[in-house]
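# Predicted model and sequence follow; I will ask about them next.
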Amino acid sequence: MKIIIVENYDQLSEKAFEVMKEVIDSKENPVLGLATGSSPIGLYKCMIEDHKKNGTDYSKVTTFNLDEYVGLDKHHSQTYYTFMHENLFEGVEIPEENVQLPLGNGDLEQNCKDYEKAMEDYEVDIQLLGIGSNGHIGFNEPGTSFDSLTHVVELKESTRKDNARFFDPLGEEVPTHACTMGIATIMKAKKILVIANGDNKADAVYNMVKGEVTEDCPASILQNHPDVTLIVDSAAGKRL
Ligand code: GLP
């Protein structure tokens with residue numbers, strides 16, 4: 001694992017952008033695995049700025065997102081569908097038919113199978129990951145099998161608490177379930193880029209890098225992937 005420790009969130013976003021941009025520039029039809037949450041917002045801003053300033057073309061880029069909440073209308077302000085359109089897709093003018101996210105409504109089992117099948121036709125060139133404070137990746141909570149494919153999960157209380165900041169202002173509760181790429185799905189990516197910032201990620205980052213490879217810390221599986229770059233700020237990297 002290549003580890004880069006930077007001072008602050010802005011530097012983290014710029015470094016992550018360099019890694020992402022190198023992949024986008026080196027492929028004719030880049031396939032990006034994308035993440036939501038607060039961690040990638042700065043990176044996405046850099047991608048939009050670069051598209052606007054330098055004309056980086058996203059018309060041949062295909063994207064697969066990691067996860068989606070179950071039970072929210074697709075256009076609800078807190079779906080990952082909405083998040084991705086507001087924070088990246090509209091800004092880089094990627095064609096709608098090029099973007100994929102798991103569907104959190106309807107026949108969920110079938111949706112998960114269809115998502116996994118859709119991904120089989122592609123090889124993800126770079127998978128972006130944040131990390132949950134409990135070591136989750138995507139929405140693969142502690143205890144998830146390392147062999148898992150795209151599936152429905154029940155969210156841990158700690159994860160629902162972490163994400164309550166987005167739902168509280170709406171007077172709504174965080175959904176109890178989500179659809180997520182599985183750990184085996186994530187591990188198929190050619191390259192993985194993990195970003196984490198802030199004190200509350202320090203233990204999860206430590207366990208991911210230096211802890212035992214165990215299903216109790218889903219992110220620890222990344223120790224077994226041949227091409228992982230981890231970028232952390234000094235707070236998240238303080239135990240490394
Ligand atoms: C969320 C998402 C993950 C994300 C993680 C960290 O719940 N499902 O994909 O990486 O938890 O989120 P944040 O970046 O907001 O700390």
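Arrived safely.
# Please make it C-alpha for all contacts and neighbour counts, starting now.
Will do.
# average model confidence for the helix or strand residue 193 falls within?
According to DSSP states H and E, residue 193 maps onto strand 192-196. In this model, strand 192-196 has a mean pLDDT of 98.
# in its sheet, what does that strand sit against?
strand 126-129 (parallel), strand 228-233 (parallel) (DSSP bridges).
# Can you say which of these is packed in most?
Across the strands paired with strand 192-196, averaging neighbours per residue (mean count of other CA atoms under 10 Å) puts strand 126-129 on top, at a mean of 24.
# Just the residues contacting the following helix or strand past it, thanks.
Counting by DSSP H and E, the next helix or strand C-terminal to strand 126-129 is strand 151-154. With contact meaning CA atoms under 8 Å, 6 or more residues apart in numbering, strand 151-154 is reached by 108-109, 112, 139-141, 176-182.
# Among those residues, which lie within helices?
Using DSSP state H, the members of the contacts of strand 151-154 that fall in helices are 108-109, 112.
# just those now: which is nearest residue 224?
Residue 224 lies nearest to residue 112 out of the ones in helices among the contacts of strand 151-154, by CA to CA, at 24.9 Å.
# And the closest one, how far from residue 67?
Distance, residue 112 to residue 67, using CA to CA, to the nearest Å: 10 Å.
# Which of these two has more residues huddled nearby?
residue 67 (28 against 22; other CA atoms under 10 Å).
# What sits closest to the more buried one if chain neighbours are left out?
residue 180 (4.2 Å; CA to CA, 6 or more residues apart in numbering).
# Can you give me the neighbour number for the one you found?
30.
# who's it bridged to?
Where residue 180 sits in a bridge, its partners, by DSSP bridges, are residue 67, residue 151.
# which residues touch it?
Taking CA under 8 Å, 6+ apart, we find residue 180 in contact with 66-68, 102, 138-140, 150-153.
# Now with 7 Å, please.
66-68, 138-140, 150-152 (CA atoms under 7 Å, 6 or more residues apart in numbering).
# any idea which of those residues has the most stuff around it?
Top of these by neighbour count (other CA under 10 Å): residue 140, with 32 neighbours.
# show me the contacts for residue 192.
Contacts of residue 192 (CA under 7 Å, 6+ apart): 126-128, 227-229.
# Next one: the residue nearest in space to the middle of the chain from residue 181, what distance?
The residue lying closest to the centre of the chain (CA atoms, centre = their mean) is residue 35, at 2.3 Å. Taking CA to CA as the measure, residue 35 falls 11 Å from residue 181.
# So for these two, which residues contact both of them?
Listed contacts common to residue 35 and residue 181 are residue 66; contacts here mean CA under 7 Å, 6+ apart.
# pLDDT value on residue 32, please?
For residue 32, pLDDT reads 98.
# So it sits against residue 122, correct?
No - look at residue 32 against residue 122 with CA atoms under 7 Å: they stay out of range, at 10.1 Å.
# Give the burial count for the closest residue to residue 214 other than its chain neighbours, as a bare number.
Closest residue in space to residue 214, ignoring its immediate chain neighbours: residue 220 at 6.4 Å, by CA to CA, 6+ apart. By other CA under 10 Å, the residues close to residue 220 number 24.
# Same check on residue 181?
So residue 181, with other CA under 10 Å, has 27 neighbours.
# Is it in contact with residue 147, as I believe?
No - counting by CA under 7 Å, residue 181 stays clear of residue 147, with 11.1 Å between them.
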